[in-house]
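Asks: okay, here's the prediction I keep looking at, along with the sequence it came from:
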Amino acid sequence: MSVQIRPMTIREYDAVIALWQRAGLPFEPEGRDSFHAVARQLQASGHLMFVAEADGQIVGTAFGSHDGRKGWINRLAVDPRYRRRGIAKQLVAKVEEALTHEGIIIVAALVEAPNEPSLKLFRKLGYEERRDIIYFRKFLRDRR
């Protein structure tokens with residue numbers, strides 16, 4: 001099986017959302033993951049947002065971002081039918097490479113506690129697990 005890792009285009013939005021649903025990735029279709037929000041992110045930093053394509057379909061995603069000093073890996077997902085084939089590892093490597101080109105030397109990922117496959121992946125890839133940080137968030141407008 002040949003897998004191609006390449007930048008995402010907005011034309012693939014529906015396929016990406018369908019993948020996230022198959023992969024069990026939580027998403028906010030009326031908020032940060034809406035068509036318009038993803039289009040805005042692609043316009044600003046599309047060179048950090050990747051899809052994996054195999055057999056003519058989108059089978060994986062990883063979105064990178066950064067604040068100028070620290071990079072982030074977000075929205076990492078692989079279709080359950082294509083797992084355990086190294087696709088997530090390839091996606092993470094592609095985001096890391098793109099962030100390196102931006103001058104970023106620290107990369108982080110937030111993983112929800114019940115997502116054991118992602119926890120194992122990031123540990124295997126040499127990411128340091130931090131349990132001494134408490135994550136805060138605030139919605140600046142209604143999420144609906």
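Replies: Perfect, I can see it now.
Asks: for the chain, which segments are assigned as strands?
Replies: Under the criterion DSSP state E, the chain contains strands at 4-7, 49-54, 57-66, 70-78, 106-109.
Asks: out of the ones you listed, which gets nearest to Asp33?
Replies: Each of the strands of the chain has some distance to Asp33 by Cβ to Cβ; the shortest is strand 70-78, at 8.0 Å. (Glycine included, C-beta is placed from N, CA and C.)
Asks: residues contacting that closest one, please?
Replies: 19-20, 23, 25, 52, 59-66, 87-88, 91-92, 95-96, 99, 102, 104, 106-110, 118 (Cβ atoms under 8 Å, 6 or more residues apart in numbering).
Asks: top helix in the protein by residue count?
Replies: Using DSSP state H, we find that the single longest helix of the chain is helix 87-101.
Asks: buried set for that helix?
Replies: By neighbour count with 16 or more other Cβ atoms under 10 Å, helix 87-101 contains the buried residues Ile87, Ala88, Gln90, Leu91, Val92, Lys94, Val95, Glu96, Ala98, Leu99.
Asks: how much space separates the third one from Glu97?
Replies: The one in question is Gln90. 10 Å (Cβ to Cβ, to the nearest Å).
Asks: touching, Gln57 and Ala15? I think so.
Replies: Yes - using Cβ atoms under 8 Å, Gln57 is in contact with Ala15, at 6.9 Å.
Asks: can you pull the residues that touch both of those two?
Replies: By Cβ under 8 Å, 6+ apart, no residue touches both Gln57 and Ala15.
Asks: show me which of the buried residues of helix 87-101 is closest to Ser45.
Replies: Nearest to Ser45 among those is Ala98, at 9.1 Å by Cβ to Cβ.
Asks: tell me the pLDDT at the closest residue to that closest one other than its chain neighbours?
Replies: Counting by Cβ to Cβ, 6 or more residues apart in numbering, Leu48 is the residue found nearest to Ala98 once chain neighbours are left out, at 5.1 Å. On pLDDT, Leu48 comes in at 97.
Asks: quick one: Leu48 and Thr61 touch, right?
Replies: No - when contacts are counted by Cβ under 8 Å, Leu48 is not listed as touching Thr61 (11.9 Å).
Asks: check the burial of Ala54 by counting its neighbours.
Replies: 17 (other Cβ atoms under 10 Å).
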